[in-house]
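Peer 1: Pasting the sequence and the predicted model now:
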Amino acid sequence: MQEYIDFARDNFLIVAGFIAVLGFTIKTEISRLTRKYKQIGVNEAVMLLNKDNTIVLDVREDKEIQGGKIKGARHISLGQLASRVAELGTNKQTPILVYCRSGSRSAHACQTLTKAGYEDVANLAGGILAWEAANLPVTKA
């Protein structure tokens with residue numbers, strides 16, 4: 001046991017770095033397990049879009065949608081979502097597919113929507129980049 005204590009004292013930065021990485025990993029896994037939205041891939045997203053009542057929400061910035069968006073998507077940038085969430089309707093059980101460029105901003109948007117009471121929220125993993133990489137169609141804005 002004394003050897004471990006000596007190692008920790010002699011290699012403080014390594015031990016501190018290990019503890020920091022371990023803490024970050026635990027925090028990330030806990031947030032992943034407790035999130036209230038689904039993380040779905042492109043194939044699951046296509047199946048979700050085949051449902052008539054699914055809302056598709058693009059949370060990219062205005063200048064980003066010029067390259068195209070998923071057909072039928074509503075555009076509300078992430079910065080405006082909290083104040084415009086009522087535009088998505090009052091039926092909190094309606095499925096909502098959220099996407100951005102790569103899937104990071106849309107994860108934040110999903111958190112905003114679940115906090116607002118929406119129950120069936122899904123984040124498109126990889127965002128529009130994954131959608132285009134799968135050779136799925138986009139409509140030009």
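Peer 2: Done, it's in.
Peer 1: Touching, residue 111 and residue 59? I think so.
Peer 2: No: using Cβ atoms under 8 Å, residue 111 is not in contact with residue 59, being 11.5 Å away. C-beta: built from backbone N, CA, C; applies to glycine.
Peer 1: Apart from its neighbours in sequence, what residue is nearest residue 102?
Peer 2: residue 127 (4.5 Å; Cβ to Cβ, 6 or more residues apart in numbering).
Peer 1: if we can go back for a sec, looking at residue 111 and residue 59, which has the bigger crowd around it?
Peer 2: residue 59 (27 against 16; other Cβ atoms under 10 Å).
Peer 1: Now the most centrally placed residue in the chain: closest residue in space, sequence neighbours ignored.
Peer 2: The residue lying closest to the centre of the chain (Cα atoms, centre = their mean) is residue 107, at 2.0 Å. For residue 107, ignoring the flanking residues on the chain, the nearest one in space by Cβ to Cβ, 6+ apart is residue 123 at 5.2 Å.
Peer 1: tell me the contacts of the one you found?
Peer 2: 37-40, 98-99, 103, 106-107, 109-110 (Cβ atoms under 8 Å, 6 or more residues apart in numbering).
Peer 1: Among the residues you listed, name the ones in strands.
Peer 2: Of those, the ones assigned to strands by DSSP state E are 38-40, 98-99.
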